[in-house]
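J.: This is a predicted model, with the sequence first.
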Amino acid sequence: MKKYTSHLYTLIFGILVFVFFTFFYYSHLYYQEQLQLFLYIDSYFFDMVCRPGGMSGYIGAFFTQFYYFPWIGALIIALLLMLLQELVLFLSNSFRRQPQWMLLSFIPSVMYWSFLCDENAMLAGLVALNLTLIAVCIYLIPDKLWKRTFTLLIGSVILYYWVGGVYVLFIIFGVLFEIFRFKDSRKRGAIVAQIGGLLIIIILPLVTSTFYQDTLPRLYWGMNYYRFPNTDFYSFMYMWVPIILVPLVFAALPSQKTDKHRSVLFFCQLFGILFLAWFVLGQNMNFQKEEIMNYDFLVRGKNWPAIIKKAEKKIPKAPMSVADLNLALCQEGQMADRMFSFFQNGPEGLLPTFQRDFTLPLVTNEIYYYLGFINTSQRFAFEAMEAIPNYEKSGRVVKRLAETNLINGEYKVAEKYLKILQKTLFYRKFANRTMKLLGNEEAIDKHPEYGWLRKCRPEKDFLFSPAEKDMMLGTLFVHNKQNRMAFEYLMAYYLLTDNLKAFSKCLKLGESIGYKRMPTSYRQALMYLDSHQ
Amino acid sequence: MKKKDLYIIPVLMLLLSCTPSPRNVILKDMLPLIYPDYTDVAIPYNVAPMNFLLRNGADALEVVIRHHCEGSIESGSEQDSLVIRSRGNKACFPLSDWKSFLKREKGSIVNVQVTARVDGMWIRYRAFHWTIVSDAIDPYLSYRLIEPGYEVWNNIQLVQRNIETFDESVISDYHLVNNACMNCHIYGNQNPRLSLMHIRGKGGGTLLNRNGQLRKLSIKNKLTISAGVYAAFHPQGRYGVFSTNQIIPEFHATGSKRLEVYDAKSDVIVADFDKDRILISPLLSDSTALETFPVFSAQGKWIYFCTVKALKLPENLKQLKYSLCRIAFDASTGQFGTKVDTLYNARIKGKSVCEPKTSPDGRWILYTVADYGTFPIWHRESDLQLMDLKTSAIDSLPLVNSSLSDTYHSWSSNSRWFVFASKRDDGIYGKPYFCYIDKEGKTYKPFVLPQKDPSSYDQTLKSFNIPELATGMLPFTATDVERWFHDTPIENFK
């Protein structure tokens, strides 16, 4: 039983990670999934693996696609963190077997867990770490020094192209094992390996820069570990340094002989790890973002009642969440009655202004889409994808672009996007289904969503004017007087901009909607207007 | 044979089974559904293999290319043919076999016979022709790879591609220049040792390449509207002619239209690269008119440009129709002429002229016409037109143009080929098409730049922007541009 105790701790740790990401942080995973497009085609594979660190990037992206179902994503993260801990423990024991210090081997995994709470931390970094440590394990297999030297020199080159900058750990471990375990550090072969390893660390990225275009910091540190290409690379040290320190601690610390000492040691480590987890997770967890992402997650799934229910429990204040809530209220036919039961942040909570980032335009594209501003929805979606910092494509956006082009009757472009989606795992079904609609005007017109949105699109072309959103909403509604959303957004816009004169003037336009009674917020606005006239 | 060599048998069997041959062939009197559409095109003898794929669900195919003899489809001997058989739906020709075949067939017409296995049945389609032209095309093509977006750009690259092979190298990379936007890369006389491009933002400027020496120029002064935008070289290389523009982007709310870009102001200037000075003519910087898309004539005696009277915009956008005009220029003195000739009057013809370019032999001027405006790349009706500068006759190039945007072009140094950007596939993603023009000015059906993997156009989300032909490889790399961006001091123009 004792033999399996450490694995039991690993399992408990894994369960904690799984529960955390499945129940408390799942929107982060769903958010990450939409910022990549994993394709099952040769060119995607070769494009990825031809970059330094590309193999870990490819494997990371492969796993990230499963974030589409956050519980699978949580399971993958838990397994990778468990593997990391097991590898660190194995390597630490390879220095010197010290079972009583085993809990220290959880430190790197805890550190990486907290790093993964950042929505821009890429899974490729964790994959790269695991691959590097597996390579170190392989390094330990040969008993002959020349074989290990050969493994170190060749392995480090291969590893650099597979995992990127984290390969330095492989070389560092190689040197450390020669010093602490094999005691061969003064032999010629070991010195060759050590000098060779150090030279490889310095030279390899420089050599790579001659045929691969990227900046030197990215070539040295790695380019797949964080979404933003020019990040603070030194932050990676928080994950890498403990991986080296823990085995060194195993080598350096004395063994505790008595059971009493062992128990004290165990609880000290346990509380230490728990404190570390509390501290680092507390630093990196962001439940405000989780809430915003959760609203977007629900919008993406068209789960309008859940959005309203969520808002009823805790009124959203973040502009993006307010915009999501207003969209949900409108979709459920409650906007005119209930929008002022919730916090409103002015017209930005209706139609947020375009920003050059990869988050806000994604949310706003949804609102324009359901309104019937198909071109504007397309633009916002396209721009969001363009703004993804690591130049990845987005499954969510490509799907939306296929839809907007289908609605616009641009079948060739829609086909291009659908063909790409056919090469994915989770968008294939949608692509195959939608492919049948291409060119089939009758089927599109009958489609509950696309057919309706076709009817909502403005007929007469005009140039989009962010300063005249009311004019555009008015044009949209005049074109299709059954477009209740356009009308309610127009009215809401006037109410939120205190333009009650325009509100009362346009109110009559809503007759075509067929309200059975005057909606609450409209009635209140009219009463206010009456009392001030 | 020794026992241990027996493993060769299954390997051989496996190899043989990999290349199925047509059996019980059914003849079909229709052209094969190939992509790209390479049927009945004129190709230069120095082009890379014209790999294509079949769109009809084929799982194996045979392509036989033979010398064409009048009145016979099955012409030419088997030995003189180029034959490939493969599994799947892609026809990819080995480079060396392709090269020697084209060299042998230079100046002749060849038949391309496609036989494909569809649903287990071998079908032989009607053969199509390739006219292998003995006029070579310039072997290098540069272009910008960019997503056809709106305002946000990302991961832009300027690339040069060897048209004779599939080799591609990056001239300027987005990563290496602090994510700055980079615009057109153009050549002087299609010479790779004379070229320029703009890289915007802090650290940027106009990169002038003269014999591999890279200078950083700020082509603006107090009198110009902006730094130089659309540019062209004087044939002697001392001068460059630029437009300076105040550019406004707008977005269409409906239909297939996406983006509208127009100039609130624009002028044309000449930059003297030897003396770092800007030459201005009142006829090219009229505040009541918009002047843009300047280019020198082949001998450098004229500046061709597009112009329109300034209107209130965007209200009158659809009335913004540019005429094609020219003004004399004396390179020895840097003096402009005193009158402007109109070659194409937009008011009479009803179209707007953009991006004129004279052929290196001085015979032709090729330009784009759109219904209105200055951004033909997003105008689906944009077409190329060819004007004979001797007779002023205009050819509307029906065989060249498509129903979607056909625009930005560049001439080959021998004036027998030109490349242009066409969105004919889907209206959004531009690709470089090559067109042959013979001595009499007759044009032939164009073909798209061949790719090693013919499905790559399906998979890419990039547009091939601003294609420019060149006689050789550029003498600098993306790393040189990175160094230029970060270290080279800027030269201000007077």
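T.: Perfect, thanks for sending it. Numbering: from 1, shown residues only, chains lettered A, B, ... in the order given.

J.: Okay, now the unreliable bits of the chain?
T.: Since you didn't name a chain, this refers to chain A. A:1-3, A:184-185, A:256-257, A:533 (pLDDT under 70).

J.: Please refer instead to chain B.
T.: Within chain B, the stretches with pLDDT under 70 are B:1-18, B:70-79.

J.: Domains in the chain, by residue range?
T.: By default, I'm working from chain A. A:2-285, A:290-513 (automatic domain parsing).

J.: not quite, I wanted chain B
T.: B:24-133, B:140-492.

J.: anything in the first one near chain A?
T.: No. Contact check for domain B:24-133 against chain A, using C-beta under 8 Å from any C-beta of the partner chain: none in range, with a minimum separation of 11.2 Å. (Each C-beta comes from the backbone N, C-alpha and C, glycine too.)

J.: Ends of that domain, what's the gap?
T.: Chord length of domain B:24-133, first to last residue, is 35 Å (C-alpha to C-alpha, to the nearest Å).

J.: Go ahead and confirm A:L507 touches A:Y522.
T.: Yes. Using C-beta atoms under 8 Å, A:L507 is in contact with A:Y522, at 6.5 Å.

J.: neighbour count winner among those two?
T.: More crowded of A:L507 and A:Y522, by other C-beta atoms under 10 Å in any protein chain shown: A:Y522, with 21 against 17.

J.: In PDB, please show the C-alpha coordinates belonging to stretch B:260-274.
T.: Below are the C-alpha coordinates for stretch B:260-274, written out as PDB (Å, rounded to 0.1, in the frame of the first residue of the first chain):
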ATOM      1  CA  GLU B 260     -14.700  51.500 -49.300                       C
ATOM      2  CA  VAL B 261     -11.500  53.400 -49.200                       C
ATOM      3  CA  TYR B 262     -11.200  56.900 -50.600                       C
ATOM      4  CA  ASP B 263      -9.000  59.900 -50.500                       C
ATOM      5  CA  ALA B 264     -10.100  63.000 -48.700                       C
ATOM      6  CA  LYS B 265      -7.000  64.700 -50.200                       C
ATOM      7  CA  SER B 266      -4.300  63.500 -52.600                       C
ATOM      8  CA  ASP B 267      -1.500  64.900 -54.600                       C
ATOM      9  CA  VAL B 268       1.400  63.500 -56.800                       C
ATOM     10  CA  ILE B 269       5.000  64.300 -56.100                       C
ATOM     11  CA  VAL B 270       8.400  63.300 -57.400                       C
ATOM     12  CA  ALA B 271      11.200  62.300 -55.000                       C
ATOM     13  CA  ASP B 272      14.800  62.800 -56.000                       C
ATOM     14  CA  PHE B 273      16.700  59.900 -54.300                       C
ATOM     15  CA  ASP B 274      20.100  61.400 -55.100                       C
END
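
J.: tell me which residues of it are tucked away?
T.: B:E260, B:Y262, B:D263, B:K265, B:S266, B:D267, B:V268, B:I269, B:V270, B:A271, B:D272, B:F273 (16 or more other C-beta atoms under 10 Å in any protein chain shown).

J.: B:K431: what's it in contact with?
T.: By C-beta atoms under 8 Å, 6 or more residues apart in numbering or on different chains, the contact set of B:K431 is B:A421, B:S422, B:K423, B:D425, B:V448, B:L449, B:Y457, B:S463, B:F464.

J.: In CSV, list those residues along with neighbour count and secondary structure.
T.: Shown next, in CSV, are these (neighbours: other C-beta atoms under 10 Å in any protein chain shown; DSSP: H, G, I helix; E, B strand; the rest coil):
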residue, neighbour count, secondary structure
B:A421, 25, strand
B:S422, 26, strand
B:K423, 23, coil
B:D425, 20, coil
B:V448, 22, strand
B:L449, 20, coil
B:Y457, 20, helix
B:S463, 20, strand
B:F464, 25, strand
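
J.: thinking again about what came up before, take the domains of chain A and lay them out in JSON lines including distance to B:L54.
T.: What follows is these, written out as JSON lines (distance: least, C-beta to C-beta, whole Å):
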{"stretch": "domain A:2-285", "distance to B:L54": "18"}
{"stretch": "domain A:290-513", "distance to B:L54": "15"}
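
J.: With distance to chain B as extra columns, can I get those domains in JSON lines?
T.: Formatted as JSON lines, the domains of chain A follow (distance: least, C-beta to the nearest C-beta, whole Å):
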{"stretch": "domain A:2-285", "distance to chain B": "4"}
{"stretch": "domain A:290-513", "distance to chain B": "4"}
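
J.: Tell me which of those sits nearest to B:L399.
T.: domain A:290-513 (21.3 Å; C-beta to C-beta).

J.: what about that closest one, start to end distance?
T.: From start residue to end residue, domain A:290-513 stretches across 36 Å - C-alpha to C-alpha.

J.: For stretch A:412-431, buried residues please.
T.: Going by 16+ other C-beta under 10 Å, stretch A:412-431 has these buried residues: A:412-418, A:420-424, A:426-427, A:430-431.

J.: Need the max-distance pair from those.
T.: So for the buried residues of stretch A:412-431, where distance means C-beta to C-beta, the most widely separated pair is A:K412 and A:F426, at 24.4 Å.

J.: Is A:G60 in a helix, a strand, or coil?
T.: helix (DSSP: H, G, I helix; E, B strand; the rest coil).

J.: how near is it to A:V163?
T.: Distance of A:G60 to A:V163, given as C-beta to C-beta, to the nearest Å: 10 Å.

J.: Please identify the residues of the stretch 301-450 of chain B in proximity to chain A?
T.: B:P314, B:D425, B:D426, B:G427, B:I428, B:Y429.

J.: Go ahead and confirm the second one touches B:D458.
T.: No. With contact defined as C-beta under 8 Å, B:D425 does not count as touching B:D458 (9.4 Å).

J.: circling back: out of A:G60 and A:V163, which sits in the more crowded spot?
T.: A:V163 (30 against 23).

J.: Does the more buried one touch A:G54 like I think?
T.: No. Using C-beta under 8 Å, A:V163 is not in contact with A:G54; the gap is 9.1 Å.

J.: Tell me how many other residues surround B:D40.
T.: Around B:D40 there are 15 residues (other C-beta under 10 Å).

J.: shared neighbours, A:L507 and A:Y522?
T.: A:M491.

J.: Am I right that A:W71 falls within a helix?
T.: Yes. Applying three-state DSSP, one finds A:W71 inside a helix.

J.: which element is B:D267 on?
T.: strand B:259-272 (DSSP states H and E).

J.: Quick check: what element follows that strand along the chain?
T.: strand B:277-279.

J.: Tell me the buried residues in that next one?
T.: Quick answer for strand B:277-279 (16+ other C-beta under 10 Å): B:I278, B:L279.

J.: Please name every helix or strand in contact with that strand.
T.: strand B:259-272 (3 or more C-beta pairs under 8 Å, 6 or more residues apart in numbering or on different chains; DSSP states H and E).

J.: Any residue of the strand it packs on touching chain A?
T.: Yes. With C-beta under 8 Å from any C-beta as the criterion, chain A is reached by strand B:259-272 at B:E260.

J.: Give the partner strands of that strand in its sheet and their orientations.
T.: strand B:239-251 (antiparallel), strand B:277-279 (antiparallel) (DSSP bridges).
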